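Undergrad: Let's see this in three dimensions:
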Amino acid sequence: MSDVDNVTGDQSLDLVLQPVWDYLHQNHHEFLRSPLFPVVLSVTTYFVLVAIYTMLDLLAPTWPCINRYRLHPDRPVTWPNIWNTLGITVYNHLFFILPSAVAQWLWRPPTPLPPEAPTLWSFFLGILGCMVVFDLQYYLWHLLHHRVPWLYRTFHAVHHQYNQPFSLVTQYLSGWELFSVGFWVTVDPILLQCHCLTTWSFMVFNVYVSTEDHCGYDFPWAMHNLVPFGLWGGVPKHDAHHQRPGTNFAPFFSHWDWLGGTHTMPASSSQGAGEPEEIKGKKD
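TA: Residues are numbered from 1 along each chain as shown. Sure, this is the predicted structure:
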């Protein structure tokens, strides 16, 4: 009897995602099959998150309940900061992301949608696997672009024009950097043979973490506060990277920075009293 119960329990756990997948399959089949769907999903997620954080940035100077969570409460995000970073973001989406999306739409076949959803185990394992692979790829890419002066000046320096990042700095990037990150996010789930539901979830999670790392807020629910033992990088460590660019290169975990000798703990989030000052660009 216990063996039957165990089998039934395991099967129930495996089928947790099946109702969700059946709903998507039956009601949004053609849209999900389109090669444009992953692009639309990622871009929409990014702009929704940025809109939320930007609203908080604008409210923070007059709302102490928000400003208390900012890493730099005395350095407000101003409208010139927003327009400058938003301009580069829109430019990148029009001249890099849109042409890439159209190329995928023209050249890639529709995504095959299997009738079965991934098991809960394979879903989370697939996302974790993509995170581990991407973490190594971006750590090496990031380290190389800081160690080679030509690469830094040509491709990566634009991202470091702000030494106290806010959400719109996330994609304040050169076209090459945006393409590199998008390429790995797209290819890694294919290499690991992930279910398309797992792939899309990893894309959304990647956008969320990237935006959170740059948001400038140390909220209690931030990833670095949820993952124990300092294993996660998170907002304070990436903020430290923008102030000390030779440290904290990994996008997710901390182990590569520990092993590579590039790990550093951020200074206190409190910047001390003084007159408010807008976020400054750091020209390299």
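Undergrad: residues touching Phe179, list them.
TA: Counting by CB atoms under 8 Å, 6 or more residues apart in numbering, Phe179 makes contact with Phe96, Ser100. Just so you know, the C-beta spots here come from the backbone N, C-alpha and C atoms, and that holds for glycine as well.
Undergrad: quick one: which helix or strand includes it?
TA: Assessed by DSSP states H and E, Phe179 sits inside helix 175-191.
Undergrad: Repeat that for Trp141.
TA: Assigned by DSSP H and E, Trp141 belongs to helix 120-147.
Undergrad: relative orientation of the helix holding Phe179 and helix 120-147 in degrees?
TA: With axes from the mean of the first three to the mean of the last three CA atoms, to 10 degrees applied, the angle from helix 175-191 to helix 120-147 works out at 150 degrees.
Undergrad: what is the mean pLDDT for helix 175-191?
TA: Helix 175-191 shows a mean pLDDT of 93.
Undergrad: Restricting the selection to alpha carbons, write the next helix or strand along the chain from it to PDB.
TA: Sequence order places helix 196-214 as the next helix or strand after helix 175-191, per DSSP H and E. The C-alpha trace of helix 196-214 is given here as PDB (Å, rounded to 0.1, in the frame of the first residue of the first chain):
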ATOM      1  CA  CYS A 196      10.400  25.300 -23.900                       C
ATOM      2  CA  LEU A 197       8.500  26.200 -20.700                       C
ATOM      3  CA  THR A 198      11.800  25.900 -18.800                       C
ATOM      4  CA  THR A 199      13.600  28.000 -21.400                       C
ATOM      5  CA  TRP A 200      11.000  30.800 -21.200                       C
ATOM      6  CA  SER A 201      11.100  30.800 -17.400                       C
ATOM      7  CA  PHE A 202      14.900  31.000 -17.400                       C
ATOM      8  CA  MET A 203      14.700  34.000 -19.700                       C
ATOM      9  CA  VAL A 204      12.300  35.800 -17.400                       C
ATOM     10  CA  PHE A 205      14.300  35.000 -14.300                       C
ATOM     11  CA  ASN A 206      17.500  36.200 -16.000                       C
ATOM     12  CA  VAL A 207      15.900  39.500 -16.900                       C
ATOM     13  CA  TYR A 208      14.500  39.800 -13.300                       C
ATOM     14  CA  VAL A 209      17.900  39.100 -11.700                       C
ATOM     15  CA  SER A 210      19.800  41.500 -14.100                       C
ATOM     16  CA  THR A 211      17.300  44.300 -13.400                       C
ATOM     17  CA  GLU A 212      17.400  43.600  -9.600                       C
ATOM     18  CA  ASP A 213      21.200  43.700  -9.600                       C
ATOM     19  CA  HIS A 214      21.100  47.200 -11.000                       C
END
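Undergrad: Now do the buried residues in helix 196-214.
TA: Residues of helix 196-214 classed as buried: 196-207, 209-214 (neighbour count, 16 or more other CB atoms under 10 Å).
Undergrad: Likewise for stretch 28-38?
TA: In stretch 28-38, counting by 16+ other CB under 10 Å, buried: Leu32, Arg33, Pro35, Phe37, Pro38.
Undergrad: what about the third one, which SS state?
TA: So that's Pro35. Following DSSP: H, G, I helix; E, B strand; the rest coil, Pro35 is assigned to coil.
Undergrad: Hmm, it is touching Arg108, no?
TA: Yes: using CB atoms under 8 Å, Pro35 is in contact with Arg108, at 4.2 Å.
Undergrad: that older thread, what's the following helix or strand after the helix holding Trp141?
TA: That would be, after helix 120-147 and using DSSP H and E, helix 149-151.
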